[in-house]
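Enquirer: Give the three-dimensional model of this entry:
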Amino acid sequence: MKILAINGSARKKGNTHDMLVAALAPLEAVGHECEMVSLAAEDVRGCTACGKCKEKRDRACHGRKDFIAEIMGKVWEADVLFLGSPTYFGDVSTEMKAFIDRIGYVAMANGGLLRRKVGAAVVTARRGGAIHTFDTINHLFTISEMVTVGSSYWNVGLGAPIGAVKENDEEGMETMRKLGENTAWLLEKLGRV
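Expert: Numbering: from 1, shown residues only. Now for the predicted structure:
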């Protein structure tokens, strides 16, 4: 199975990256094809509401020619999406919000391209706002008819300085490992191995 992780942090190799790596490890261990794409330092912008995706129905975004448009095909090919975001002012990063809006709109305009894919949210936070960020990502999964995966606790870990989650949040890293294991289990039960 193809697993695609989107790192919505402004940092390519920060805490969100570390948590996504931990979540992907159990899936790679059982032979799933895993890829991580970072939105950091890329040209990523929001939806223009042009409606061309609904008009053309060709699985593409026509309002922007940016990094999100470039990677859209990877999203449609993936069986599992891990969406990771730090918590900025109580919600997802602007990069992740642009990704959610664009992918969600194109998917719906083309007959539900995300329907029955598996999705898991991964969130870092310094202190507060993590659950709201978690909810924002899960809104995409729910409205897109995706199957969501949980862990032994909220899919949340410590953010702030680079390395904080690996150095100071053993429970957060364990939660990610279990998230990966639960995803692998679900794929097996769904017959997607």
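Enquirer: Residues touching the lengthiest helix in the chain, excluding its own?
Expert: For the chain, the longest helix by residue count, based on DSSP state H, is helix 170-189. Residues outside helix 170-189 that contact it (CB atoms under 8 Å, 6 or more residues apart in numbering): 1, 3, 18-20, 22-27, 30, 32, 79-80, 118, 120, 122, 147, 149-158, 165-166, 193. Every C-beta, even on glycine, is put in place using the N, C-alpha and C of the backbone.
Enquirer: In which helix or strand does the residue of the chain most remote from its centre reside?
Expert: No residue in the chain sits farther from the centre than residue 55, which is 26.6 Å out by CA atoms, centre = their mean. Secondary structure from DSSP states H and E places residue 55 in helix 52-56.
Enquirer: got a list of contacts for that helix?
Expert: 60, 61, 62, 63, 105, 106, 109, 110.
Enquirer: pLDDT value on the nearest residue to the second one once chain neighbours are set aside, please?
Expert: Meaning residue 61. What sits nearest to residue 61 in space, not counting adjacent residues and going by CB to CB, 6 or more residues apart in numbering, is residue 69, at 4.8 Å. Residue 69 carries a pLDDT value of 97.
Enquirer: returning to what we had before: most neighbours among the contacts of helix 52-56, please name it.
Expert: residue 106 (27 neighbours; other CB atoms under 10 Å).
Enquirer: Give me the phi and psi for it.
Expert: Phi and psi for residue 106, reported as degrees, to the nearest 10, are phi -60, psi -40.
Enquirer: and the nearest residue to it once chain neighbours are set aside, how far is that from residue 103?
Expert: Leaving aside its sequence neighbours, residue 106 sits nearest to residue 53 (CB to CB, 6+ apart; 4.5 Å). Using CB to CB, to the nearest Å, residue 53 is found at 10 Å from residue 103.
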